[in-house]
Every structure is written in structure tokens, then in C-alpha cells.
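*Asks:* structure for the following, please:
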Amino acid sequence: MPPAAKLEVREAPIPAPEAVPCKLEPPSPKTDARAAATACPACGDSCVRTLFSGSDRLYNTTDKIFYVVECVRCRLIRLDPQPSPEELRHFYPEKYWFEPEPGSVSQITEAYRRFVIRDHVNFALNALRQVGPLNGRQPVLLDVGCGGGLFTHFVQRAGFPVLGLDFSIDAARVAWRANQVPAFVGTLTQAPLARGSCGVVTMFHVLEHLYDPAAYLESAYELLHPEGRLIIQVPNAACLQFLLLGEHWSGLDVPRHLWDFRPDDLEVLLDRCGFESVRAKHFNLRDNPAGMATSIAPGLDPMSRLIRGVKESPAQRLAKNLTYFGLTVACLPFTLLEAACRAGSSIMMEARKKPR
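*Replies:* This next block holds a predicted model:
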């Protein structure tokens, strides 16, 4: 998701309850109790425990130290203090997470990307088929934060009309040119689409970047047909990887991730925005094994090296890519195990609209 699309700042739609005095036991050596820069948007409390401090491990855009804190009342995990929109913009490298132009990566890399995206495609196709024809036509899928449009390309090939939305004009250009996906530039809260015009809205790794995730969910509610479905995916802060790796877990992605959701957090947020969960998936081949490999060896991450412009010979590039791939394969058994325990490092949820 390009930076500016994550800079939608609005007041929380749910009034915060009255503040409750913090009553804490003496902090352990690894956590403290202090007042956050702002009150928790979920419960209104300002008392937090500091879990970790750190900076940008993946892209090295800054050496500024940030804190990952947990609300002592509702346990929502968030970045504190949250950077200003202008500051946050600089923490997103150019071409952050949208697909490269054809020919800019090896055929093997491109084949791998197309293979691992299938989990997302199949999850979305199932939702589209559950929705069924609307007004005699196939339901439209809107992908928020579409990047270069690879996901929507495969959905379109399955026979469903698609639209991509991204704030980056470069990403939208790649979606049009490389994947023949109609994409427009902007934010979901200002999307030029008719109310109830979408059958499915997808947000893969979007909510954790937003100042006000509820604003996007409310906008999705308005755009969805009454029979429509919402699909969201975020890193899972209740995963075994987080328990095992702590501050080195790539799902934190300091300072770009403003929120770190657990499944219960998502359920509460969806409920407040008019949705109810239908199903959840705790594993996907694109994110879980590779995410663990990146946690262990961020310097080997191919996308990070590409974006940071790391200078390396063809032989060095091949060696690093093979090492990273081997590490990803080695992480596969553990990520399958944690997903079987419903504690995978990412969680994908499908939700439907509750009647209002």
C-alpha cells in the first residue's frame, strides 16, 4: 500500500468511554507502565505497557526509535507515538510493495510470485461465488491497495469484473499496463463509486497502515451490495512467531504498521463498523513462510534488497536469493503448525454486512 493511501485521518466513529484510572502491578524488567501520547482509540485509556522499542529493520528509511505498546485495558497493540502524516510518508520507499514491471525480475521470481498469490485468489473467488450474480451480472471486486494488480489480474481471468484502487499513480500504471486491470488513484473514503456497487471489497495488508482503520471499513460498508462480502488480511499479533521472535517479528514492520491486530481486535472492529465474520484463514503461502524468513534474516529479503538498491553481482544476487528461498522452505513446517493451531502469522477474514 503506497504511503499517502494510508494517511486518512478521521475521528474515531465510536465515542470513547470515560477514562479509567490505571491500576498496575509494578512493571517487570521487560515492560513499563506509562501514559501513551494519545488515548487508545478502542477503549479511551491512556495507560500502556511498552513491549519493544525499535526502528526500521527492513528498509532502513530512518534510525529514529519507536515504541510498540499494549493498552493495559483492552490490550490493543499500537505504535507510540504515531508519526505525523508528513513524517510517515518518508518511511515508505519508492515503489513500496507494488509489482515490478515485466522483465525487471527473473522468470523464476515471477513464476514464484504468481504461484503463491493463488491462496488470496482462491479465497476471494469463493466469496464472489457465494455472493453470486447481482442484478443479473457477476459481482464486481474492488481491491484496495491493489499495487501492480497481480491479484486482480487472476480474479479477472476467472471471469469476474475487477477494479483496483491505489494511491500510487505508478502502481496503477503497472496494473493497467502489465496486468490489464482497470485501476484508479485515490483513497477509499473518496472513491468515485456508487453506493452498493461492489460485490466484494478486499484489503490485503492495508488496515495496519491506517490512522483510522474504521474509516475504511465504514466506506467499504457503503460501497458493498447488501449481499456483498469484505475480505481483510493483516499480520496476526496473536501468532506463535510473535511469541517466539518478539521485536524481530517482521509483522511489526516498525514504523509503517501503526496497529498490530489480534483476531479478537478485528472481530470488535468489524462489529463496530457493521460487519460480522464469516470465516478466517490463518495460513497463506505468500506471507507466512516468507515472513518468518524475513524476520530471521531481513537483509536477505529480495524485495527489501531491490527497493534499497543493494549493489550486488549476479552471482551474489543468485546466492542470496537461493539462501532466502531455502530459509523460506525451512520455515514452512513451523508456519503450517502454527496455522493448524489457529495462530498463524497472518489472518485473512471474510465478513458480511449486518442489517442496519
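*Asks:* make it CA atoms for all contacts and neighbour counts henceforth
*Replies:* Fine.
*Asks:* could you point out which element follows the longest strand along the chain?
*Replies:* Using DSSP state E to define each element, the chain has its longest strand at strand 224-235. Per DSSP states H and E, the first helix or strand lying C-terminal to strand 224-235 is helix 240-245.
*Asks:* give the buried residues for that following helix.
*Replies:* By 16 or more other CA atoms under 10 Å, the buried positions in helix 240-245 come out as 240-242.
*Asks:* chain center to the helix or strand following that helix, what's the gap?
*Replies:* Next in sequence after helix 240-245, counting helices and strands by DSSP H and E, comes strand 259-260. Taking the mean of its C-alpha atoms, strand 259-260 sits 10 Å from the chain's own mean (CA atoms, centre = their mean, to the nearest Å).
*Asks:* direction included, what does strand 259-260 pair against?
*Replies:* Looking at strand 259-260 with DSSP bridges, its partner strands are strand 77-80 (antiparallel).
*Asks:* and the strand it pairs with, how far from the chain's centre?
*Replies:* From the chain centre to the centre of strand 77-80 is a distance of 15 Å (CA atoms, centre = their mean).
*Asks:* any idea which residue sits dead centre in the protein?
*Replies:* Central residue of the chain (CA atoms, centre = their mean): H205, 1.4 Å from the mean position.
*Asks:* for the closest residue to that residue other than its chain neighbours, list the residues it contacts.
*Replies:* Closest residue to H205 apart from its sequence neighbours, by CA to CA, 6 or more residues apart in numbering: V234 at 5.0 Å. Contacts here follow CA atoms under 8 Å, 6 or more residues apart in numbering; on that basis V234 touches 204-208, 261, 346-348.
*Asks:* how near is V234 to C71?
*Replies:* Distance of V234 to C71, given as CA to CA, to the nearest Å: 19 Å.
*Asks:* next one: G291
*Replies:* Computed with CA to CA, the distance linking G291 and C71 is 26 Å.
*Asks:* what pairs with the longest strand of the chain, parallel or antiparallel?
*Replies:* If you go by DSSP bridges, strand 224-235 pairs up with strand 198-204 (parallel), strand 346-353 (antiparallel).
*Asks:* could I get the full set of helices for the stretch 251-356 of the chain?
*Replies:* Secondary structure of the stretch 251-356 of the chain (DSSP state H, counting those that start in this stretch): helices located at 263-272, 288-296, 302-308, 314-340.
*Asks:* off-centre distance for the helix or strand harbouring Y221?
*Replies:* Element membership of Y221, judged by DSSP H and E, is helix 213-223. Mean-position distance between helix 213-223 and its chain equals 16 Å (CA atoms, centre = their mean).
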